[in-house]
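K.L.:
what's the 3D shape of this:
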Amino acid sequence: MQTVTLNNGVKMPILGFGVYQIPDAEECENAVYEALSAGYRLIDTASGYLNEEAVGRAIKRSGIPREELFITTKLWIQDAGYESAKLSFAKSLKKLGLDYLDLYLIHQPFGDYYGAWRAMEELYHEGKIRAIGVSNFLPDRLMDLIVHNKVVPAVNQVETHPFLQQTDNAAFMKEQGVQIESWGPFAEGRNNLFSNEVLTGIAAKHNKSVAQVVLRWLIQRDIVAIPKSVRKERIVENFDIFNFELSADDMTQIALLDTGESLFFSHRDPEIAKRLGNWRVEL
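P.N.:
The predicted structure follows:
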């Protein structure tokens, strides 16, 4: 497995497995188990996904030594704040059945994420988390967090796919020593990604699937990717991307697909901030 080295020296697999929108416990457990069996070692979940316990069961069932795994979960908005972040972290750790986390992220740039970050810094220094980071932070919010705190986020997980390539944002993060990680690498199939002529043409040339081409494109840009699937054959297929390389022309063709716009929502939209801020989950 190819890895990236975070700003504190921790090595993180460049390809992982995500479990967003797999709320069914049995289905989630089986999907994670199949991913681990296929060779994935990075598993990405969140308290807001309501499937941490299922992930924990799959980890235990796999029998893979803990030190070989890289487990990420995230803090939801309702638990932002110093004391509540510590409580939420403890709940997540218990649900996952782990003694420590490899990466803990602030899920959204809303609520008292400054208080949460102070709690996370303490947990990091206590050795309960190997690296701390954020998700969905735009450059201005990321810089503000860096300037006013001691620990620079190790990772920023943001929407990144062929239609929103985050080129400038990725360059900014690299300058700050923050690793970019892609959520929604397949754009959830929007914009007819899987039938896009450019992507299908490149896929045919390499005898690969569109999904494999997209993941290869991301890792060649040094972007961590966490594709999701509940189908064993797709889980295995998505892992099989280390035996081919996209050419410079391939990369240029994909670059032209960038629209610069989110296919989901803007974190600068007041209605989105209100909706996410009022969204409560039973943790």
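
K.L.:
show me where the stretch 51-200 of the chain has strands.
P.N.:
For the stretch 51-200 of the chain, the strands defined by DSSP state E, counting those that start in this stretch occupy 70-75, 103-106, 132-135, 155-159, 179-183.

K.L.:
of all those, which one is nearest A171?
P.N.:
Closest to A171 of the strands of the stretch 51-200 of the chain is strand 179-183 (Cβ to Cβ; 9.5 Å). All C-beta spots, glycine's among them, are computed from the backbone N, C-alpha and C.

K.L.:
so that closest one versus strand 70-75, what angle?
P.N.:
Angle, strand 179-183 to strand 70-75, by axes from the mean of the first three to the mean of the last three Cα atoms, to 10 degrees: 80 degrees.

K.L.:
tell me which residues of stretch 237-252 are tucked away?
P.N.:
Buried residues in stretch 237-252, counting neighbours by 16 or more other Cβ atoms under 10 Å, are found at E237, N238, F239, I241, L246, D250.

K.L.:
mind putting these into TSV with distance to G189?
P.N.:
Below are these laid out as TSV (distance: Cβ to Cβ, whole Å):
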residue	distance to G189
E237	15
N238	14
F239	19
I241	19
L246	21
D250	21
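
K.L.:
in these, find the pair that's most separated.
P.N.:
The largest separation in the buried residues of stretch 237-252, counting by Cβ to Cβ, is between F239 and D250 at 20.2 Å.

K.L.:
identify each buried residue in stretch 263-272, please.
P.N.:
For stretch 263-272, a neighbour-count test (16+ other Cβ under 10 Å) marks H267 as buried.

K.L.:
and it, end to end?
P.N.:
14 Å (Cα to Cα, to the nearest Å).

K.L.:
again, but for stretch 244-252
P.N.:
When the termini of stretch 244-252 are compared using Cα to Cα, they are 17 Å apart.

K.L.:
which outside residues touch it?
P.N.:
Here stretch 244-252 makes contact (Cβ atoms under 8 Å, 6 or more residues apart in numbering) with I202, K205, H206, K208, Q212, V213, R216, W217, Q220, I254.

K.L.:
ok, those residues vs N30, which is closest?
P.N.:
Distance to N30, by Cβ to Cβ, is smallest for Q212 among these, at 22.4 Å.

K.L.:
burial count for the closest one?
P.N.:
Q212: 20 surrounding residues under other Cβ atoms under 10 Å.

K.L.:
in this structure it contacts I241, no?
P.N.:
Yes. Counting by Cβ atoms under 8 Å, I241 is a contact partner of Q212 at 5.1 Å.

K.L.:
just give me how far stretch 45-59 sits from the chain centre.
P.N.:
How far stretch 45-59 lies from its chain's middle: 14 Å, per Cα atoms, centre = their mean, to the nearest Å.

K.L.:
that one - what's its average pLDDT?
P.N.:
Across stretch 45-59, the average pLDDT comes to 97.
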